[in-house]
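Trainee: give me a model of this one.
(chains A and B)
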Amino acid sequence: MFPRPIQQSSPAVQWLYRLALPVALFLWLFPLLGVAVTSVRPASDLAQGNYFGIPSYLAFENYADVFRNTPMAKYIVNSFIVTIPTVIGAVALSLMTGFALAVYRFKANLILFFLFVAGNFVPFQILMVPVRDLTLNLGMYNTWYGLALFHIAFQTGFCTLFMRNFIKALPFELIEAARVEGVAEWRIFWFIVLPLMRPAIAALSVLIFTFIWNDFFWATVLTTSPETQPITAGLSSLNGQWVAAWHLVSAGSILAALPPVAMFFLMQKHFIAGLTLGAVK
Amino acid sequence: MTSFWKANQRRLAPWLFLAPGLLMFAVYVIIPIFQSMWISFYDWDGLGEAKWIGTANYVELTTDPNMVTSFKNNIIWLVLYMLAVPAGLFIAIFLNQTVGGIRLYKSLFFFPFVISQVVVGLIFSWFYAPNFGLFYKVIEFFTGQGVAILADPGLVTYGIIAAGLWPQIAYVMILYLTGLNNVAPDQVEAARLDGAKGWRMLWYVILPQLRPATFIAVVVTVIGALRSFDLVSIMTNGGPFGSSRVLSYYMYEKALSEYGYRMGYGAAIAVVLFAIMMIFISGFIWKMWRDETER
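Mentor: Numbering: from 1, shown residues only, chains lettered A, B, ... in the order given. Sure, this is the predicted structure:
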């Protein structure tokens, strides 16, 4: 194990390490803590210059204000409406593409695989003008499905990489044996491979949920009004209206951060498994 | 029909499985890349008639002072963003112990990556805010004179990069934590018996085993640096005086924001950004291709 386990050091060093951990964490998360405290600081504190002291009381009314005076609730709902179909769509498509690229040998196999991988890395800007145009022409501009369709297509690149490598690591004998028995290919997919994919599906779902929830660029390019805008775009436009109303900005930020944070804590194991795919051989 | 299917099932099946995903990916990702290249030769406002102007957009780019600023900033982003790799490794080594509650510490250190960049941008805007922002206060305390980072054309890009590094370091950290978990213990013990420790151990024994993690860390950091749109948009809108623009933001500004709907010119900027990205993408793909075919 590297570094040497701290238990083998002198008690003084061990004690120091245990002290350093919370101090380092506090410094690391300091900006976030500051915003969390500001989100429950009454506006009167800010007006009197009490920016860092203890809030004179916990002003949960800031959150109530945000919900009452802005379309925040609608933004949150919109985010879910875009995110959930995207997760389902991208996972479903990539299960099939990943299966095809992992199980069959054919000439274009590697080329197609690397097409998905490379496409996943391109800058969004090179897609922006044509995708916006296509969405306009299909009459899907400023709708949740226009945004979700693009996300599904784009995320299929990353998901295919993930699924293909996962299926490749499964014991191939299972598939061979089924073929000898004369099982149809789609039944192999459905009854043999799919049940083994549960951990991969879970890992990808949490990752894609977070990616799409946090997307800002496409939300600004493909949606324009509070009826369809997800929370990232909504928060950005509210930030323009709330000049220096930091207690409201902070409350809005915390609200936008909550769902992916909750997702991360509930599904931590899967989340990290998905993110670190390929980090070990 | 059924006999044909029976005979050719194994040959047709992969294409049927691929069809929906490949179709979507082609329509929304592959084809638009070429369409953008095509549009970059036109003068087009996105609504009216597009006019072919040859390479005029690219010629204009070479003398556009905003382009120079954006390009320069992109390079600063790329170079400084790389700090995330050693910094993430450092934190991973710091946290790679087995003491009570360490799991919770690891997840909390990872926290910034889970949060949207929009929120990260707002958090750091608050942190930097002139007169009451904490960063401003600290500088004021030490030097007697606060600095409004986001209003200073010379410092603004560094301020935004610092905000971007926060989640990026968290990401790299988690990659290295996973890598450290899989370092072969017998090799570490053997090296220890040979008297290796500290830096030499890290350099000659640990880092070579972390190579897959380092590769992914570099890939995601390069991509992250070149995709730096969200933070610039939230924190400064490219300002003050356009000094924090990067290519990804400048492209958006030209094509879609109040600076006018110059789709062709925007597409030309995007093509330049794409070309830069392609240098890195081909490198990554080449390495992955080698690993894949060697297996």
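
Trainee: OK, contacts around residue 206?
Mentor: Just going to use chain A. A:Met263, A:Phe264, A:Met267, A:His270, A:Phe271, A:Gly274 (C-beta atoms under 8 Å, 6 or more residues apart in numbering or on different chains). Heads up, the C-betas are built off the backbone N, CA and C, glycines and all.

Trainee: chain B is the one I meant
Mentor: Shown in contact with B:Ile206 (C-beta under 8 Å, 6+ apart): A:Phe2, B:Leu180, B:Val183, B:Val188.

Trainee: ok, now B:Phe135?
Mentor: So B:Phe135 contacts B:Phe127, B:Tyr128, B:Ile149 (C-beta under 8 Å, 6+ apart).

Trainee: again, only using 6 Å
Mentor: Going by C-beta atoms under 6 Å, 6 or more residues apart in numbering or on different chains, B:Phe135 touches B:Phe127, B:Tyr128.

Trainee: closest to B:Ala225 among the contacts of B:Ile206?
Mentor: B:Leu180 (24.4 Å; C-beta to C-beta).

Trainee: in a helix, the closest one, correct?
Mentor: Yes - secondary structure of B:Leu180 (DSSP: H, G, I helix; E, B strand; the rest coil): part of a helix.

Trainee: check whether the host helix or strand of B:Phe127 comes near chain A.
Mentor: Assessed by DSSP states H and E, B:Phe127 sits inside helix B:117-128. Yes - if you take C-beta under 6 Å from any C-beta of the partner chain as the test, helix B:117-128 does meet chain A, through B:Val118, B:Val119, B:Leu122, B:Ile123, B:Trp126, B:Phe127.

Trainee: packing partners of that helix?
Mentor: Secondary-structure packing of helix B:117-128 (3 or more C-beta pairs under 6 Å, 6 or more residues apart in numbering or on different chains; DSSP states H and E): helix A:30-38, helix A:231-241, helix A:246-266, helix B:134-143, helix B:156-181, helix B:230-235.

Trainee: doesn't A:Ile167 lie inside a helix?
Mentor: Yes - counting by three-state DSSP, A:Ile167 is found in a helix.

Trainee: quick one: residues contacting the closest residue to it other than its chain neighbours.
Mentor: Nearest residue to A:Ile167, sequence neighbours excluded (C-beta to C-beta, 6 or more residues apart in numbering or on different chains): A:Ala102, at 3.7 Å. Residues near A:Ala102 by C-beta under 6 Å, 6+ apart: A:Arg164, A:Ile167, A:Lys168.

Trainee: the closest residue in space to the last one that isn't next to it in sequence sits in which helix or strand?
Mentor: Read it as A:Lys168. Once flanking residues are discounted, A:Lys168 sits nearest to A:Ala102: 4.6 Å by C-beta to C-beta, 6+ apart. Using DSSP H and E, the element containing A:Ala102 is helix A:72-103.

Trainee: ok, B:Val118 touching A:Thr232?
Mentor: Yes - applying C-beta atoms under 6 Å as the test, B:Val118 and A:Thr232 come out as touching, 4.6 Å apart.

Trainee: ok, the two, which is more surrounded?
Mentor: With neighbours defined as other C-beta atoms under 10 Å in any protein chain shown, B:Val118 and A:Thr232 compare such that B:Val118 has more, 28 against 25.

Trainee: for the strand or helix carrying B:Gly21, buried residues please.
Mentor: Using DSSP H and E, B:Gly21 sits in helix B:2-25. Buried residues in helix B:2-25, counting neighbours by 16 or more other C-beta atoms under 10 Å in any protein chain shown, are found at B:Ala13, B:Pro14, B:Phe17, B:Leu18, B:Gly21, B:Leu22, B:Met24, B:Phe25.

Trainee: ok, now stretch A:122-136?
Mentor: Buried residues in stretch A:122-136, counted by 16+ other C-beta under 10 Å: A:122-135.

Trainee: cool, stretch A:231-241 as well?
Mentor: By 16+ other C-beta under 10 Å, the buried positions in stretch A:231-241 come out as A:Ile231, A:Thr232, A:Ala233, A:Gly234, A:Leu235, A:Ser236, A:Ser237, A:Leu238, A:Asn239.

Trainee: repeat that for stretch A:98-115.
Mentor: Going by neighbour count (16+ other C-beta under 10 Å), the buried part of stretch A:98-115 is A:Gly98, A:Phe99, A:Ala100, A:Leu101, A:Ala102, A:Val103, A:Tyr104, A:Asn109, A:Leu112, A:Phe113, A:Phe114, A:Leu115.

Trainee: stretch B:155-168 too?
Mentor: By neighbour count on 16+ other C-beta under 10 Å, the buried set for stretch B:155-168 is B:155-157, B:159-168.

Trainee: if I look at the residue most central in space within chain B, how far off is A:Leu136?
Mentor: Nearest to the mean C-alpha position of chain B, by C-alpha atoms, centre = their mean, lies B:Gly224 at 0.5 Å. Separation of B:Gly224 from A:Leu136 (C-beta to C-beta, to the nearest Å): 30 Å.

Trainee: contacting residues for B:Gly100?
Mentor: So B:Gly100 contacts nothing (C-beta under 6 Å, 6+ apart).

Trainee: I'd like the buried residues of stretch A:98-115 laid out as JSON lines, including pLDDT and distance to A:Val87.
Mentor: Formatted as JSON lines, these follow (pLDDT from 0 to 100; distance: C-beta to C-beta, whole Å):
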{"residue": "A:Gly98", "pLDDT": "96", "distance to A:Val87": "16"}
{"residue": "A:Phe99", "pLDDT": "96", "distance to A:Val87": "18"}
{"residue": "A:Ala100", "pLDDT": "96", "distance to A:Val87": "21"}
{"residue": "A:Leu101", "pLDDT": "95", "distance to A:Val87": "21"}
{"residue": "A:Ala102", "pLDDT": "94", "distance to A:Val87": "21"}
{"residue": "A:Val103", "pLDDT": "93", "distance to A:Val87": "24"}
{"residue": "A:Tyr104", "pLDDT": "93", "distance to A:Val87": "26"}
{"residue": "A:Asn109", "pLDDT": "92", "distance to A:Val87": "27"}
{"residue": "A:Leu112", "pLDDT": "95", "distance to A:Val87": "23"}
{"residue": "A:Phe113", "pLDDT": "94", "distance to A:Val87": "22"}
{"residue": "A:Phe114", "pLDDT": "93", "distance to A:Val87": "25"}
{"residue": "A:Leu115", "pLDDT": "94", "distance to A:Val87": "23"}
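
Trainee: between these, which is nearest A:Phe158?
Mentor: Nearest member of the buried residues of stretch A:98-115 to A:Phe158, counting by C-beta to C-beta, is A:Gly98, at 11.0 Å.

Trainee: name the nearest residue to B:Pro32, sequence neighbours excluded.
Mentor: In space, B:Pro32 is closest to A:Pro130, 3.7 Å off (C-beta to C-beta, 6+ apart).
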